[in-house]
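>>> structural data only, the sequence is not supplied:
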């Protein structure tokens, strides 16, 4: 009995310490990934959701959702504000240049057309479509959308994004008994979803080149 109590006592601070480190780390990485779009933030949220799914606390998933959506929103708003400074400046800025480099011309034109047609609703879809966030953000910047209006549209976008990738994590966590197995499954599924559109465009471009050369 004494050994069991000692075991429980040893487990409690370990879990608390893991949460104390994990949530700030998740917040930092998601916010950083929103600023510098090279961090796979979707995979991070799905992995955190898997771990939260296997925890005893029923609030763990809610905390992951709140942390991820808040970090994504703050990162988006900060990046948009930095991009606005470049738009207003005669010499531009490195942040605006970085956003422009990551938006393919054809994707930018599509984003501008959809923004003109549907307005702020495009922001919600831009976070759910892989590689859709940056072209839409650049279209908003070039269209001189005020920061406040962008922020209003970005709130539901970040909430929907966090919920989507958290559901992927919950699915991975429910399919496997061990958290690490669910993390591997969630990360693999997230990367597959994120990379599928780019792979499809590359294959379609290659097929087009081959058919043109044959013709």
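Looks like it came in fine. Because the structure is a prediction, the values reported are computed rather than measured.
>>> which residues does residue 92 contact?
Applying Cβ atoms under 8 Å, 6 or more residues apart in numbering to residue 92 gives the contacts residue 86. C-beta here means a position set from N, CA and C on the backbone, and glycine is covered the same way.
>>> let's see 10 Å
Each residue near residue 92 by Cβ atoms under 10 Å, 6 or more residues apart in numbering is listed here: 83, 85, 86, 100.
>>> any chance of these in a markdown table with pLDDT, secondary structure and neighbour count as columns?
A markdown table is the format used below for the contacts of residue 92 (pLDDT from 0 to 100; DSSP: H, G, I helix; E, B strand; the rest coil; neighbours: other Cβ atoms under 10 Å):
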| residue | pLDDT | secondary structure | neighbour count |
| --- | --- | --- | --- |
| 83 | 91 | helix | 25 |
| 85 | 88 | helix | 12 |
| 86 | 85 | helix | 18 |
| 100 | 86 | helix | 17 |
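>>> closest one of those residues to residue 66?
Distance to residue 66 across these (Cβ to Cβ) is lowest for residue 83, with 26.0 Å.
>>> distance of the closest one from residue 98?
If you measure residue 83 against residue 98 using Cβ to Cβ, to the nearest Å, the figure is 9 Å.
>>> likewise for residue 42?
From residue 42 over to residue 98 the distance is 20 Å, taken as Cβ to Cβ.
>>> who has more neighbours out of the two?
For the pair residue 42 and residue 98, the greater number of neighbours falls to residue 42 (28 against 17), based on other Cβ atoms under 10 Å.
>>> who does the helix or strand in which the more buried one is found touch, helix- and strand-wise?
Using DSSP states H and E, residue 42 falls within helix 41-53. If contacts are counted by 3 or more Cβ pairs under 10 Å, 6 or more residues apart in numbering; DSSP states H and E, helix 41-53 sits against helix 2-35, helix 60-88, helix 147-175, helix 179-214.
>>> out of those helices, which gets the lowest mean score?
Among the helices and strands packed on helix 41-53, helix 179-214 has the lowest mean pLDDT, at a mean of 55.
>>> residues near residue 68, how many?
Residue 68: 30 surrounding residues under other Cβ under 10 Å.
>>> same thing with residue 70?
A count of nearby residues for residue 70, using other Cβ under 10 Å, gives 16.
>>> my read: it touches residue 162, true?
Yes. Applying Cβ atoms under 10 Å, one finds residue 70 in contact with residue 162, separated by 8.7 Å.
>>> which neighbours do the two share?
residue 30.
>>> okay, now residue 53: neighbour count?
For residue 53, the neighbour count with other Cβ under 10 Å is 20.
>>> gap between it and residue 134?
In terms of Cβ to Cβ, residue 53 sits 30 Å off from residue 134.
>>> how about residue 79?
The value you get for residue 79 to residue 134, if Cβ to Cβ is used, is 9 Å.
>>> give me phi/psi at residue 104?
phi -60, psi 140 (degrees, to the nearest 10).
>>> next, the contact list for it, please.
With contacts defined as Cβ under 10 Å, 6+ apart, residue 104 is in contact with 110, 131, 134, 135, 201.
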